[in-house]
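*Asks:* Okay, predicted coordinates and the sequence, questions at the end:
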Amino acid sequence: MVDNRVTFGSKLGVILATVGCAVGLGSIWRFPYMLGTNGGAAFLLIYILFMIFLGIPVMVTEFFIGRYSRSNTVGSFKKMAPGTKWCWIGYNGILAAFLILGFYAVVSGWTLEYVWQTVNGSLYSTPGVDFTADFDNFSSNALRPIFWTAVFIGLTHFVIASGVEKGIERASKIMMPLLFLILVVMCIRSVTLPNAEAGLVYLFKPDFSKLTSSVVLSAVGQAFFSLSLGMGCLITYSSYFGKNTNMLATAWQVTIINTFVAVLAGIMIFPAVFSFGIAPSAGAQLVFITLPNVFEQLPFSSLWSLIFYILLAMAALTSTISLHEVVTAYIHEEFHMTRKKAAWLVSVGVFILGVLSSLSFGLLKEFTIGGLIFFDALDYLTAKIMLPLGGMLTCIFVGIRVDKKILKAELTNEGTIKFRLFSIYVFFMKYVSPIAIGIVFLNELGLLSQ
Ligand code: PHE
């Protein structure tokens, strides 16, 4: 299929944009607290296994769909299976992107508040201040977090409105290398603290008695969330890949870099947490309460704090861009609206959702869905249900609808790249991934006895 669709300008641009989409709050904020609340190293191990055995095959499959159909998430299923209900996988993805943005933009906004408070000196102004109370006061406030959410959506909007190559690719090329540099510096600081080994043991020495079905479900959810799978982000990005992009190499490179970043985030956080005798299982607030406690006790607190929260904000931005792009590309292409107009619609919609998520820490705290506040309900629904489901159905779709000759031709760029493991990949994509996700689901629903 040929058309004159825009593409990323370079190979490096492809990798960095895709890594930018994957690496985000998921690796630096969500992964450490998931690990901390799910028992440590055993979670890490299961997570890595899921990354390799589920993540890579699903990612390759999404790349195939995107570049082959060169269309947005819904459009690609419509092109490949016209007149069928398969495009619902695409709708699931669009909705998931929108809902994820609804809580992700709020946390992204928090990072800006912490950058701001560090810069103006208020975060560390009173020695021995209670950071938990500080964070609770801030996040439950009616206006401040909403202001920052709006600023963050504004930044995202600006990049999206600047287009694929000038916006997304350029932003990723600047921010991703900086992010790695900061991460490495922070890790060195953390592991050279006194008693840092305890944190490393917690991170790397598995205790299998901690493994329950819910830990496993959390690890699947985290793997999908972290690799941005199952919701069309990668379908949308790969629709901008050029004909020469090596999708197989891109898939494993992105997976390895993303896993590496998550592990580095763990190395940055846990040794510091243990070194200062703080509980590792603080939950979602880990990086906003625990880390300020750590920074306060280091020489040059504000410097560490500043670079850390800037790191977090940049990681978040390259991901909010990708989430925004999924919905914008869909509206732009399917409703023949200009890209700018589509982007506006998405930004306003996301802002409304963001307001609700933000208020669910304060004014709307009593309003719960299945016992979860609005913010947590969005996280649960997307990471644990919509993404794995989307990933499972995507694999089934390619498994039963697509001629394997076409699949192989596209993945090998018409035979110019070797793909020795093709039959193993097909086996995983067709059977292992869908069945594994199905089992995890049934188990969580309590339908399989242990
Ligand atoms: N993978 C991103 C992260 O780790 C989050 C994300 C999920 C982005 C789904 C796009 C799509 O932060």
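*Replies:* Right, received. Where do you want to start?
*Asks:* Next, the contact list for Pro388, please.
*Replies:* Val220, Gly221, Phe224, Gly230, Ile437, Val440, Phe441 (CB atoms under 8 Å, 6 or more residues apart in numbering). From N, CA and C alone the C-beta is placed, and that goes for glycine too.
*Asks:* So which of those are in helices?
*Replies:* Val220, Gly221, Phe224, Ile437, Val440, Phe441 (DSSP state H).
*Asks:* Turn those residues into CSV, columns for neighbour count.
*Replies:* Converted to CSV, the ones in helices among the contacts of Pro388 look like this (neighbours: other CB atoms under 10 Å):
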residue, neighbour count
Val220, 24
Gly221, 25
Phe224, 29
Ile437, 24
Val440, 22
Phe441, 18
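*Asks:* Relative to the ligand, which of the residues you listed is nearest.
*Replies:* Phe224 (7.9 Å; CB to the nearest ligand atom).
*Asks:* And the pLDDT for the nearest residue to that closest one once chain neighbours are set aside?
*Replies:* Of all residues not flanking Phe224 in the chain, Leu387 sits nearest, at 4.0 Å (CB to CB, 6 or more residues apart in numbering). The model reports Leu387 with a pLDDT of 88.
*Asks:* Would you agree Leu387 falls within a helix?
*Replies:* Yes - the assignment for Leu387 by DSSP: H, G, I helix; E, B strand; the rest coil puts it in a helix.
*Asks:* show me the contacts for the residue in the stretch 101-250 of the chain positioned nearest to the ligand.
*Replies:* Proximity to the ligand, evaluated over the stretch 101-250 of the chain using CB to the nearest ligand atom, is greatest for Ser228 at 3.4 Å. Contact analysis of Ser228 by CB under 8 Å, 6+ apart lists Cys21, Ala22, Gly26, Leu234, Ser319, Ser322.
*Asks:* I figured the second one hits Gln253, correct?
*Replies:* Read that as Ala22. No - using CB atoms under 8 Å, Ala22 makes no contact with Gln253, being 10.6 Å away.
*Asks:* When the two are compared, which one has more neighbours?
*Replies:* Ala22 (29 against 15; other CB atoms under 10 Å).
*Asks:* Give me the number of neighbouring residues for Lys205.
*Replies:* 11.
*Asks:* Kindly state the pLDDT recorded for it?
*Replies:* Taking Lys205 on its own, its pLDDT is 84.
*Asks:* Just give the nearest non-adjacent residue to it, would you?
*Replies:* Closest to Lys205 by CB to CB, 6+ apart is Ala41, at 5.2 Å.
*Asks:* Also Thr73?
*Replies:* Gly232 (3.1 Å).
*Asks:* Phi and psi next, for that neighbour.
*Replies:* phi 80, psi 0 (degrees, to the nearest 10).
*Asks:* Contacts only, for it.
*Replies:* Gly232 neighbours (CB under 8 Å, 6+ apart): Glu62, Asn72, Thr73, Ile89, Gly90, Gly93, Ile94, Ala96, Ala97, Val326, Gly390.
*Asks:* Looking at those residues, state which has the most neighbours.
*Replies:* Thr73 (34 neighbours).
*Asks:* How much space separates it from Val263?
*Replies:* Distance check for Thr73 against Val263: by CB to CB, to the nearest Å, it reads 30 Å.
*Asks:* Would you mind naming what in the chain lies close to the ligand?
*Replies:* 21-22, 24-27, 100, 225-226, 228, 231, 233, 319, 322-323 (CB under 6 Å from any ligand atom).
*Asks:* where do the strands sit along this protein?
*Replies:* For the chain, the strands defined by DSSP state E cover 368-369, 372-373.
*Asks:* Of all residues in the stretch 251-400 of the chain, which one is closest to the ligand?
*Replies:* Residue nearest to the ligand within the stretch 251-400 of the chain: Ser319 (4.2 Å; CB to the nearest ligand atom).
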